[in-house]
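Asks: Here is my input; please provide its structure:
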Amino acid sequence: MIPTTSIIIVTHKQKAFIDTCLQSVLNQKGIPFEIIVVDNASEDGCVKYIKKRFPDVILLPQKVRRGFSANVNTGIMASRGKYILILNLRGTDDIV
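Replies: Below is the predicted model:
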C-alpha cells in the first residue's frame, strides 16, 4: 500500500520523548501514512530504541550533525506519500 502522507520527524537526543511522539502518530486513523524518522547524529540510544520498539518506522540515522532543514530534505527524498507532514520533536535541552 502506498501511503497518502509521509510524516517526517527530525530528532536529536530525543530518546526520552520519541516513544510518546511515535505512539501518538501511530494512533491516528483514517489515511494511510508512513513515518520517517531522521536522527541528527544522536548519541543517547534513540536510534537503537526506535529500531527495537518501532520496526515499521523508516529510520534514517545521520552520522554527522546537520541542520534541521537538511534533515527534513533527507526525509522528503525518502518519502513516498503524496503529502508531507513535518514534525519537529524538540525537548527542553534544545531551547536556547
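Asks: okay, CA-based contacts and neighbour counts for the rest of this
Replies: Will do.
Asks: Please settle this for me: is Lys63 part of a strand?
Replies: No: using DSSP: H, G, I helix; E, B strand; the rest coil, the assignment for Lys63 is coil, not a strand.
Asks: What about the closest residue in space to it that isn't next to it in sequence? Give its phi and psi, please.
Replies: Nearest residue to Lys63, sequence neighbours excluded (CA to CA, 6 or more residues apart in numbering): Ala41, at 5.3 Å. Note on Ala41: its backbone torsions stand at phi 60, psi 50 [degrees, to the nearest 10].
Asks: how close does Ala41 get to Val25?
Replies: Here Ala41 is placed at a distance of 22 Å from Val25 (CA to CA, to the nearest Å).
Asks: Please apply the same query to Gly45.
Replies: Using CA to CA, Gly45 is found at 21 Å from Val25.
Asks: now do Val72
Replies: 17 Å.
Asks: out of those two, which sits in the busier spot?
Replies: Val72 (20 against 14; other CA atoms under 10 Å).
Asks: List the residues that contact that one.
Replies: 8-10, 38, 86 (CA atoms under 8 Å, 6 or more residues apart in numbering).
Asks: Which of these fall within strands?
Replies: Judged by DSSP state E, the subset of the contacts of Val72 located in strands is 8-10, 38, 86.
Asks: Need those in TSV (columns: distance to Met77).
Replies: What follows is the ones in strands among the contacts of Val72, written out as TSV (distance: CA to CA, whole Å):
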residue	distance to Met77
Ile8	11
Ile9	13
Val10	14
Val38	11
Ile86	13
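Asks: Of those residues, keep whichever come out buried.
Replies: 8-10, 38 (16 or more other CA atoms under 10 Å).
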